[in-house]
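> Provide a 3D model corresponding to the input given below.
(chains A and B)
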Amino acid sequence: MSESTILNLPDQSTARVPKRNFITAEDGLLSWLLTGDHKRIAMLYLISITFFFFIGGAFAGLIRLELLTPQPDLVASDTYNKFFTMHGVIMVFLFLVPSVPATLGNFLIPIMLGARDLAFPKINLLSWYLYVVGGVMVIATMVLGGVDTGWTFTTPLSTHYLNTHVITTALAIFVAGFSSIFTGLNFIVTIHRMRCPGMTWFRMPLFVWSNYAASILMVLGTPVLAISLTLVLLERVFGIGVFDPTKGGDPLLFQHLFWFYSHPAVYIMILPGMGVISEVVSTFSRKRVFGYTAVAFSSVAIALFGFFVWEHHMFIMGVSNYSALVFSLLTMLVAVPSAIKIFNWSFTLQKGSITFETPMLYAFGFMGLFTIGGLTGVFLGSLGMDIHLTETYFIVAHFHFVMVGGMLMAFLSGIHFWWPKITGRMYPEAISKLAAVVTFIGFNLTFLPQFILGYLGMPRRYHSYPPEFQILNVMSTAGATVLGIGYLMPIIYLAWSLKYGAVAGNNPWQATGLEWQIQSPPLTENFTEIPIMDHEAYDYDWLEHKTKQEVTTVG
Amino acid sequence: MGISPVLWQFLERWLNNSALFPREASTIAPYMDALYFFLLGMTVVGVALVATIITVFSLRYRRSVHPVATQIEGSTLLEATWTIIPLGIFLICFVWGALLYFRIYTPPVNSMNIYIVGKQWMWKAEHPGGQHEINALHVPTGQNIQLTMISQDVFHSFSIPDFRIKREVIPGRYSTVWFNATTPGEYHLFCTQYCGTNHSQMIGTITALSPADYKKWTEESTSGMSLAQNGERLFASMGCNACHSGNAAARGPSLAGVYGTTLQLTNGAQVLVNDAYLRDAILNPSQHVTAGYSPIMPTYQGQISEDGLIDLVEYLKNLQTNYRVHQTLTTSESDQAAPITPGVSQP
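Numbers count the residues shown, from 1 in each chain, chains lettered A, B, ... in the order given. Alright, predicted model coming up:
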């Protein structure tokens, strides 16, 4: 075994991907479209969210291309407004929200718990269909001419002043929201009811804990989004006047409702990513996650506090100064569990035996960028500072540091980490390390200049801008190009690895999770017999002991 | 290996004309920047700390140096440290930010008031002296200026980055912000809340003038009628004076001197009469009936523009006596070219 990697592959001359596994179990398109297998549904999700990620990314590219010059010269203003709306709607509702839970979560949570499937396989499949219906409606919007409300649907702009396809888009998000509710519901029931013998709450991998926290947010938060979008529809179609001041309504009410979901939504997006980082950091430093209980509870704390900070999106909107005080204080409190997590991951490295494979590089990227993203969030939570920074590129940069620098890094880390488990084959290591580095550099080049632009006061969603802001925008666009390459590379080499990648074997990373103790790709039923959990999560001594025993038995 | 002189010139000009940090052009700006540098320091230290920990551990405990990991459960002491210290720092950010917030959103008394009306996609500024500006605002330096703002359609947001102030401009409700410009010059005005097609064209120029220049500007750009005088005309032409005549037997309450007082309403509420109350009482009178009067006033919703409402509010703010209301009622030609009233001439 090499000094610099823990990678432990079977002898390639004799190794084969197991003939019988969940992919080969049944043939034909219908066997995929009508499947109840959580792993196959995860694959369906993976394909569809990747598709939408690249559509959303294409819009991002167009936005950055337009902003290369101060003049509004590439497209008309309406078109530009549609670009950033479609970018936001697709990336938030069709990529970030389902990204880790619906793919990796769907695939791994039952296996990590020692179960054969999620609690409700058919509801799981239904949730994918709802996602697809939502996605098709968004594409329909795009084809029919787009929508330009911004992903926030601010009233009364969205209800009275736009004649684009607001209704179709709002309905699409409404439908996609139910997909997320069903996923959350499925996870909660599975985690409560389907843990294998011996799998106590505090033996669960932290990935399960963070998905559990996110599921609570999905189930409790998403209905509020559905309500607020329904009210937008009713206002737009029938003029019921809930948000119309001339009819006694309150236009700010919409934002209260919208952010009541959409703030917890950012935790829906980031928490599962944090779960991935816990798994990866532990595996590649061969150590139990430092302060397991603190990390587990900090996920739950984030989920709870996350519901009581929504007004920090509205500090300048004429809310009462005293309510702003309360929400600012709560915002500061919600920052603490994230800080705890970062330090716990860092100290997991202490006295470990660290190797630097691709998932670990992405995890390091996550830790650095998420720290910046989190701390710049404190700027925005600090009331006075928020006045100057909100609605500028500062907030764009902050959000992208958390969501792209944080979440997308975590997603890619997880995809690389579990790729051998999902497909049975390894991705190519050298080029994927290069992709991780390219992504990191491109990301920083894209979004660091935006912090400076934000403090200069450049408003977000601007089609044109004063010429003195150009140089920073050029840097940002250049960075976006690099970032784009960084995201295209995995698609190509991961596809290549499906056929030509090295055979991974059961446990290439010598990780402790239950998912690594079964064959790759797993059988449809996951386990031939239900395992009994007789050790803590991340117990590397147990793993070593088990491996030794196996060697003696076989030998 | 030389760079083309044309390209060099271009690069040089481009770099020289680039902005990296906004100017500090209001009294609030240094306070904002102080907090900003504190937060920036916190971020740099925080990121450096995390990066250092990761780097040091990665070097010391990489597999080739440290082949066997030592299992550690955790450490309550360490975890308490990194819970309490960040919490303490975040609480400092909270208190500091809150102080700044209250400073920016609490206009000092006796500041000069300018009305702002936002609409798709322009800013209209109305000075008390009757000067109107579109996508521009002239202000004197060294004076506290309060902006009373309202939107005629969707949400807008009034932002002057060089002054470090911003406030949402809301349909159907007055919002206020204040500043005190320190340096004469021209500054960007942005709408920062996405408001439809030409959002990025809803920009303007703030011109800060020395008090002498400002005086000159107000004299040169007057439209001849102050806001209050416009309001007085509206008050008569819409027939408000028929009921709000100030007579003992009048059907509506006297409005002279009502601004700034506390009113008892028929629904039992006690309200402070300010700009927002006056506006609401005109548009939605049945919810704002002064105790002792019957709810007979019709709504003026949809019959009067936001500009007209501002005129009326400004008129009522300065209405000290009912003398001219009576005169208007008794003199048929009195709504023409009214001379300046004593109450109105000193805004």
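> okay, now the unreliable bits of the chain?
With no chain named, the answer covers chain A. For chain A, the stretches with pLDDT under 70 are A:1-3, A:551-555.
> switch to chain B, please.
If you take pLDDT under 70 as the line, chain B has these spans: B:1, B:331-347.
> quick one, domains of it?
What automatic domain parsing lists as the domains of chain B is B:20-65+B:74-105, B:112-220, B:227-345.
> and the residue of the stretch 301-450 of chain A nearest chain B?
Closest approach between the stretch 301-450 of chain A and chain B, counting by Cβ to the nearest Cβ: residue A:384, at 2.4 Å. (Glycine included, C-beta is placed from N, CA and C.)
> for the one helix or strand that residue maps to, list every residue counted as buried.
If you go by DSSP states H and E, residue A:384 is part of helix A:383-389. For helix A:383-389, burial by neighbour count (16 or more other Cβ atoms under 10 Å in any protein chain shown) applies to A:383-389.
> now do stretch A:492-500
A:493-494, A:497.
> tell me which of the domains of chain B sits most buried.
When the domains of chain B are scored by mean count of other Cβ atoms under 10 Å in any protein chain shown, the highest mean neighbour count falls to domain B:112-220 (a mean of 21).
> packing partners for the helix holding residue A:384?
helix A:321-348, helix A:358-381, helix A:429-456, helix B:29-60, helix B:76-105, strand B:165-169 (3 or more Cβ pairs under 8 Å, 6 or more residues apart in numbering or on different chains; DSSP states H and E).
> following that helix, which helix or strand comes up?
As assigned by DSSP H and E, the chain's next helix or strand after helix A:383-389 is helix A:393-400.
> circling back: which residues are contacting the helix holding residue A:384?
The contact list for helix A:383-389 (Cβ atoms under 8 Å, 6 or more residues apart in numbering or on different chains) reads A:312, A:315-316, A:324-325, A:328, A:379-380, A:395, A:454-455, A:457, B:31-32, B:35-36, B:39, B:93-94, B:96-101, B:103-105, B:161, B:164-167.
> and the closest residue to chain B within the stretch 51-200 of chain A, what does it touch?
The stretch 51-200 of chain A approaches chain B most closely through residue A:157 (4.2 Å), counting by Cβ to the nearest Cβ. Neighbour list for residue A:157: A:149, B:154-155, B:194-196 [criterion: Cβ under 8 Å, 6+ apart].
> in chain A, where's the longest helix?
Criterion DSSP state H: the longest helix present in chain A is helix A:251-285.
> tabulate the CA atom coordinates of the helix holding residue A:384 in PDB.
Coordinates of each C-alpha in helix A:383-389 appear next as PDB, following Å, rounded to 0.1, in the frame of the first residue of the first chain:
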ATOM      1  CA  LEU A 383     -27.800  45.500  11.200                       C
ATOM      2  CA  GLY A 384     -26.000  48.600  10.300                       C
ATOM      3  CA  MET A 385     -23.600  46.900   7.900                       C
ATOM      4  CA  ASP A 386     -26.600  45.300   6.200                       C
ATOM      5  CA  ILE A 387     -27.900  48.700   5.100                       C
ATOM      6  CA  HIS A 388     -25.000  49.300   2.900                       C
ATOM      7  CA  LEU A 389     -24.400  45.700   1.700                       C
END
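> buried ones in stretch A:507-525?
Neighbour-count burial for stretch A:507-525 [16+ other Cβ under 10 Å]: A:507-524.
> coming back round to it: could you identify the most distant pair in the contacts of residue A:157?
Spatial extent of the contacts of residue A:157 (Cβ to Cβ) is set by the pair A:149 and B:155 at 12.0 Å.
> phi, psi for the residue of the stretch 201-347 of chain B found nearest chain A please.
Using Cβ to the nearest Cβ, the single residue of the stretch 201-347 of chain B nearest to chain A is residue B:301, 5.9 Å away. The phi/psi pair for residue B:301 (degrees, to the nearest 10) reads phi -60, psi 130.
> do you know how far it is from residue A:186?
Separation of residue B:301 from residue A:186 (Cβ to Cβ, to the nearest Å): 49 Å.
> likewise for residue A:25?
From residue A:25 to residue A:186 the distance is 21 Å (Cβ to Cβ).
> next: residue A:362.
27 Å.
> then residue A:175?
17 Å.
> same deal with residue B:242?
68 Å.
> for residue 59, which non-adjacent residue is spatially closest?
By default, I'm working from chain A. Spatially, and ignoring its direct neighbours in sequence, residue A:59 is nearest to residue A:87 (3.8 Å; Cβ to Cβ, 6 or more residues apart in numbering or on different chains).
> ah, no, chain B please
residue B:65 (7.6 Å).
> rewinding a little: more neighbours: which of residue A:25 and residue A:186?
Per other Cβ atoms under 10 Å in any protein chain shown, whichever of residue A:25 and residue A:186 has more neighbours is residue A:186, with 27 against 16.
> can you pull the contacts of that one?
With contact taken as Cβ under 8 Å, 6+ apart, residue A:186 is in contact with A:118-120, A:123-124, A:127.
> so the helix or strand encompassing it versus helix A:251-285, what angle?
Residue A:186 is part of helix A:166-193 when elements are defined by DSSP H and E. Here helix A:166-193 points in a direction 50 degrees away from that of helix A:251-285 (axes from the mean of the first three to the mean of the last three Cα atoms, to 10 degrees).
> tell me the buried residues in helix A:166-193?
Within helix A:166-193, the residues scored as buried using 16+ other Cβ under 10 Å are A:166-188, A:190-191.
> re earlier: tell me the phi and psi of the residue of the stretch 51-200 of chain A closest to chain B?
Torsion angles, degrees, to the nearest 10, at residue A:157: phi -60, psi -50.
> residue B:146 contacts residue B:176, doesn't it?
Yes. Assessed by Cβ atoms under 8 Å, residue B:146 is found in contact with residue B:176 at 5.8 Å.
> shared neighbours of those two, anything?
Residues touching both residue B:146 and residue B:176 by Cβ under 8 Å, 6+ apart: residue B:107.
> may I have stretch B:201-216 as CSV, with CA atoms only?
In CSV, the C-alpha atoms belonging to stretch B:201-216 read as follows (Å, rounded to 0.1, in the frame of the first residue of the first chain):
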residue,chain,number,x,y,z
GLN,B,201,-31.6,52.4,-15.7
MET,B,202,-33.3,53.6,-12.5
ILE,B,203,-30.2,55.5,-11.5
GLY,B,204,-29.4,59.1,-10.9
THR,B,205,-26.9,61.5,-9.6
ILE,B,206,-26.8,63.0,-6.2
THR,B,207,-25.1,66.4,-6.3
ALA,B,208,-23.9,67.7,-3.0
LEU,B,209,-23.4,71.4,-3.0
SER,B,210,-21.9,73.8,-0.6
PRO,B,211,-24.6,75.7,1.3
ALA,B,212,-24.1,78.9,-0.8
ASP,B,213,-24.2,76.9,-4.1
TYR,B,214,-27.3,75.1,-2.9
LYS,B,215,-29.0,78.4,-2.1
LYS,B,216,-28.2,79.5,-5.6
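> contacts only, for the closest residue to residue A:175 other than its chain neighbours.
Distance criterion Cβ to Cβ, 6+ apart; nearest residue to residue A:175, sequence neighbours excluded, is residue A:134 at 4.3 Å. The contact partners of residue A:134, taken as Cβ under 8 Å, 6+ apart, are A:93-94, A:172-177, A:179.
> ok, so of these, who is nearest residue B:313?
Closest to residue B:313, out of all of the contacts of residue A:134 and judged by Cβ to Cβ, is residue A:173, at 40.3 Å.
> burial measure for the closest residue to the closest one other than its chain neighbours, as a count.
Of all residues not flanking residue A:173 in the chain, residue A:93 sits nearest, at 5.2 Å (Cβ to Cβ, 6+ apart). Residue A:93 is flanked by 26 other residues according to other Cβ under 10 Å.
> for residue A:93, which residues are in contact?
Residue A:93 touches A:134, A:138, A:151, A:172-173, A:176-177, counting by Cβ under 8 Å, 6+ apart.
> I'd like the residues you listed as a markdown table, with distance to residue A:469 appended.
Below are the contacts of residue A:93 laid out as a markdown table (distance: Cβ to Cβ, whole Å):
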| residue | distance to residue A:469 |
| --- | --- |
| A:134 | 36 |
| A:138 | 31 |
| A:151 | 23 |
| A:172 | 34 |
| A:173 | 32 |
| A:176 | 35 |
| A:177 | 36 |
